[in-house]
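> would you be able to build a 3D model of this:
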Amino acid sequence: MQEDNEQKVTLEVIRSELQKEKIEDLEQFKSIFEQFHKELKNEVKEFIKYLEWAYEKSGNNEEIKKILEYWSGQNASDLIESLKRLGFSLKKDLGEYFEKSGYRLLEQTRSGKRSDVMYGITRIFITNKQKMRDDLIEAFKPYYSDELFKCFIFTFLGSAIKPKEND
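Down below sits the predicted model:
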């Protein structure tokens, strides 16, 4: 069994563990699967970046765009979960600012005005001297459908907006 996380976990490592008579250390065995899943997600993200690059270099070829949209869609549920966690983590510091702009951002999102939504959210981060998060930037990539874009932003805003206190 793998002793540390320095060795890359491959399907061959998993296969060799499964071929053994018995699983000796269940926690370590589960960590192998978790490490493999983490590495696989990173590989997919890298692959999507290469597809973006190929799409741009091809002069926006429709066939490459379809492949890019497919893989981006596969990545979408992870991104939605990540945006939800990001929103909750920002609620304490920026929730009030998102609440003030919330209705406008929600309406712009509903209307599909990506650049206006990007501007509004970026403005909140810059005003508060914070860096725009990579997962949030990812949500604005043009290869995501309008419906996915709306899901991303509604998820983020729904978890980032700090509700007003009732007096």
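> ok, then the element right after the helix or strand of the chain with the lowest mean pLDDT?
Comparing helices and strands within the chain by mean pLDDT, DSSP states H and E singles out helix 11-18 as the least confident, with a mean of 86. The element immediately downstream of helix 11-18 (helix or strand, assigned by DSSP states H and E) is helix 26-57.
> that next one to helix 11-18, inter-axis angle?
Between helix 26-57 and helix 11-18, the angle formed by their directions is 160 degrees, by axes from the mean of the first three to the mean of the last three CA atoms, to 10 degrees.
> show me the contacts for residue 136.
With CB atoms under 8 Å, 6 or more residues apart in numbering as the criterion, the residues that contact residue 136 are 83, 86, 121, 156. Where C-beta positions appear, they are placed from N, C-alpha and C, glycine not excepted.
> reformat those residues as a markdown table; add secondary structure and pLDDT.
As requested, those are exported to a markdown table (DSSP: H, G, I helix; E, B strand; the rest coil; pLDDT from 0 to 100):
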| residue | secondary structure | pLDDT |
| --- | --- | --- |
| 83 | helix | 96 |
| 86 | helix | 95 |
| 121 | helix | 97 |
| 156 | helix | 96 |
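> ok so, going back, packing partners for the least confident helix or strand of the chain?
Contact analysis of helix 11-18 by 3 or more CB pairs under 8 Å, 6 or more residues apart in numbering; DSSP states H and E lists helix 26-57 as its packing neighbours.
> mean confidence score for the helix it packs on?
When pLDDT is averaged along helix 26-57, the result is 89.
> any low-confidence regions in this protein?
Across the chain, the stretches falling below the confidence threshold (pLDDT under 70) are 1-6, 165-167.
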